[in-house]
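> Pasting the sequence and the predicted model now:
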Protein chains: 2
Amino acid sequence: MDMSDRTGTVRFMSLRHALLGLLAHGPASGYDLTRAFEGGIGQYAWQAGHSRIYPELGKMAEAEQVVVDEAGPRGRKTYTLTDAGRTELRRWMLHWPEQATVRDETVLRMFLVQSLEPDDARRLLEGIAEHCAAEIARLRPVMEAEDAEHHPGDPLPFGRLAGEYGLRQYEAVHGWALWSLERMAAVEPAVG
Amino acid sequence: MDMSDRTGTVRFMSLRHALLGLLAHGPASGYDLTRAFEGGIGQYAWQAGHSRIYPELGKMAEAEQVVVDEAGPRGRKTYTLTDAGRTELRRWMLHWPEQATVRDETVLRMFLVQSLEPDDARRLLEGIAEHCAAEIARLRPVMEAEDAEHHPGDPLPFGRLAGEYGLRQYEAVHGWALWSLERMAAVEPAVG
DNA sequence: AGCAACATGTAACGAGTTACATGATTTA
DNA sequence: TAAATCATGTAACTCGTTACATGTTGCT
């Protein structure tokens, strides 16, 4: 599979693709989509507020990647993916740029752990390990409950793969923090 | 450890903290720092080009978090971290906001795998698994070589913890992609 | 009647990318 | 002497956040 995109085509606009992806599993309003960004996507993948989402939906409608069902109370507009929208989503999902956009404050902190004094670094790593352990304890039962409800043959619940990704992410960071603590202890044992 | 920051203090500016963190391991010029962003930090944590870095260094000098050694050929300016800079770096490293900035195109794609048709999703996951396997094969020998050169008692090489983080990240994603393929196969076996 | 939640929009600002612009030093 | 690399800077544009602004519907 081709993991890179050497064509000089359309760049960036990941918010648009996030919206296309969310709309792929059913019509939704700007309000609904704003709520969606408050969940896992906003926590782990991409952030956006309603003030950015509404204008983008407008542009997507212009580009005929979505259509509006003018209806619903309180001026609610429901957007539905068009074939053009689904095609663009698929194109984006299958063609990865050589350098994808990344801006992750948490990962940045991990890259900079070694800029702290050893005692501070240790405290930070201990905090990370604890935090991950707590998140794992919170997420694992959610996944297990979802799996228990799932009958063979049913389609996977929306977000199940993403949830698993989050869980494994926390497990990886947890393991890394513990490994780093051991590694630091071997080099420069804590005083006390 | 306090993993959240409820104080209404200074927001965002992660680029500044990335620069403070890089300068913590030694003085560098804007050019050097721009190069640094082309490596692991830019690939996994935070992106920035020279056009953003130079003005930010200017502001940091104004705020006296760095000082300039006016010297060097071609108008090269070397920046050195001050105590104020180190204090600010430490503050940022130890106080985590409730919701950290995240914008990661790759993770976004993983969240949206389920928006693809099963055959496309399978091809994508296979591609991810292969890509991760290749990166793991590339990174592991680098780490092992670094570890082999390392003598007990020496400080950890700069970036060793970050490198391990990257490696474990790829391992986690690799495992997730394989798990997802199995999970999908159980639900909707591939045709053929 | 009042409050929470639903629902949409705009404006000002902050932060990053691409492109424009210039020049000095080193190396082949 | 030509090219690559070093080295810095600015301007225009895009994208995201915070704050401003307004009105409706459903629930208690």
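Nice, thanks for sending it over. Here the structure is a predicted model, which is why all the values come from computation and not from measurement.
> Show the contacting residues for the most centrally placed residue in chain A.
Ranked by distance to the mean C-alpha position of chain A (Cα atoms, centre = their mean), the top residue is residue A:45 at 2.4 Å. Neighbouring residues of residue A:45 by Cβ atoms under 8 Å, 6 or more residues apart in numbering or on different chains: A:18, B:102, B:104, B:107-108, B:110-111. Every residue, glycine included, has its C-beta placed from N, CA and C.
> quick one: which of those residues is nearest residue A:51?
Nearest to residue A:51 among those is residue A:18, at 15.4 Å by Cβ to Cβ.
> Kindly provide the distance from the closest one to residue A:108.
Residue A:18 sits 21 Å away from residue A:108, going by Cβ to Cβ, to the nearest Å.
> Neighbour count for the two, which is higher?
residue A:18 (27 against 24; other Cβ atoms under 10 Å in any protein chain shown).
> Domain parsing of chain A, as residue ranges.
A:14-94, A:105-187 (automatic domain parsing).
> gap between the two ends of the longest one?
For domain A:105-187, the separation between the terminal residues is 27 Å (Cα to Cα, to the nearest Å).
> Which of the three states applies to residue A:158?
Recorded secondary structure, residue A:158: coil (DSSP: H, G, I helix; E, B strand; the rest coil).
> which regions of chain A sit below the pLDDT cut-off?
A:1-11, A:191-192 (pLDDT under 70).
> Can you show me the strands along it?
With DSSP state E as the criterion, chain A has strands at A:28-29, A:66-70, A:77-81, A:102-104.
> Show me what the second one is in contact with.
Read it as strand A:66-70. For strand A:66-70, contacts defined as Cβ under 8 Å, 6+ apart pick out A:20, A:23, A:27, A:57, A:60-61, A:77-82, A:85.
> Go again with 6 Å.
With contacts defined as Cβ atoms under 6 Å, 6 or more residues apart in numbering or on different chains, strand A:66-70 is touched by A:60-61, A:77-82, A:85.
> Quick check: of those, which lies closest to residue B:92?
residue A:60 (36.4 Å).
> Report the contact partners of that closest one.
Neighbours of residue A:60 in contact, by Cβ under 6 Å, 6+ apart: residue A:66.
> how much space between it and residue A:53?
10 Å.
> Kindly report the same for residue A:181.
The gap separating residue A:181 from residue A:53 is 41 Å, by Cβ to Cβ.
> So which of those two has more stuff around it?
In this view residue A:181 and residue A:53 are compared by other Cβ under 10 Å, and residue A:53 has more residues nearby, 21 against 17.
> Residues of chain A that sit close to chain B?
Residues of chain A that fall close to chain B, judged by Cβ under 6 Å from any Cβ of the partner chain: A:1, A:3, A:14, A:18, A:21, A:24, A:41, A:44-46, A:93, A:100-108, A:110-116, A:123, A:127, A:131, A:156, A:158, A:161-162, A:165, A:168, A:172, A:176, A:180, A:187.
> Weed out the non-buried ones from those residues.
Burial by neighbour count, 16 or more other Cβ atoms under 10 Å in any protein chain shown: within the residues of chain A next to chain B this picks out A:14, A:18, A:21, A:24, A:41, A:44-46, A:93, A:100, A:102-105, A:107-108, A:110-116, A:127, A:131, A:156, A:161-162, A:165, A:168, A:172, A:176, A:180.
> want to throw the strands of chain A into CSV with distance to residue B:152?
Putting these into CSV (distance: least, Cβ to Cβ, whole Å) gives the following:
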stretch, distance to residue B:152
strand A:28-29, 58
strand A:66-70, 61
strand A:77-81, 59
strand A:102-104, 33
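> Measure how buried the closest residue to residue A:88 other than its chain neighbours is and give me the count.
Spatially, and ignoring its direct neighbours in sequence, residue A:88 is nearest to residue A:65 (5.7 Å; Cβ to Cβ, 6 or more residues apart in numbering or on different chains). Counted with other Cβ under 10 Å, residues neighbouring residue A:65 total 23.
> ok, now residue A:68?
Residue A:68 has 15 neighbours, counted by other Cβ under 10 Å.
> does it have beta-bridge partners, and which?
Beta-bridge pairing for residue A:68 (DSSP bridges): residue A:79.
> what helices or strands is the lengthiest helix in chain A leaning on?
Ranked by residue count under DSSP state H, the longest helix found in chain A is helix A:118-149. Contact here means 3 or more Cβ pairs under 6 Å, 6 or more residues apart in numbering or on different chains; DSSP states H and E; on that basis helix A:118-149 packs against helix A:160-187.
> name the helices or strands packed onto the helix it packs on?
helix A:118-149, helix B:160-187.
> Could you dump those helices into JSON lines and include distance to DNA strand C?
Putting these into JSON lines (distance: least, Cβ to the nearest atom of the strand, whole Å) gives the following:
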{"stretch": "helix A:118-149", "distance to DNA strand C": "21"}
{"stretch": "helix B:160-187", "distance to DNA strand C": "18"}
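> Buried deepest among those helices, which one?
When the helices and strands packed on helix A:160-187 are scored by mean count of other Cβ atoms under 10 Å in any protein chain shown, the highest mean neighbour count falls to helix B:160-187 (a mean of 19).
> can you give me the angle it makes with helix A:118-149?
0 degrees (axes from the mean of the first three to the mean of the last three Cα atoms, to 10 degrees).
> Centre of the chain to helix B:160-187, how far?
For helix B:160-187, the separation from the chain centroid amounts to 18 Å (computed by Cα atoms, centre = their mean, to the nearest Å).
> now stretch A:79-94
Offset of stretch A:79-94 from its chain centre (Cα atoms, centre = their mean): 19 Å.
> which parts of it are buried?
Here stretch A:79-94 shows A:79, A:81-82, A:85-86, A:88-90, A:92-94 as buried, counting by 16+ other Cβ under 10 Å.
> again, but for stretch A:31-42
Neighbour-count burial for stretch A:31-42 flags A:32-34, A:36-37, A:40-42 (criterion: 16+ other Cβ under 10 Å).
> Need those residues in TSV (columns: distance to residue A:142).
Shown next, in TSV, are these (distance: Cβ to Cβ, whole Å):
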residue	distance to residue A:142
A:32	21
A:33	22
A:34	23
A:36	17
A:37	19
A:40	11
A:41	16
A:42	17
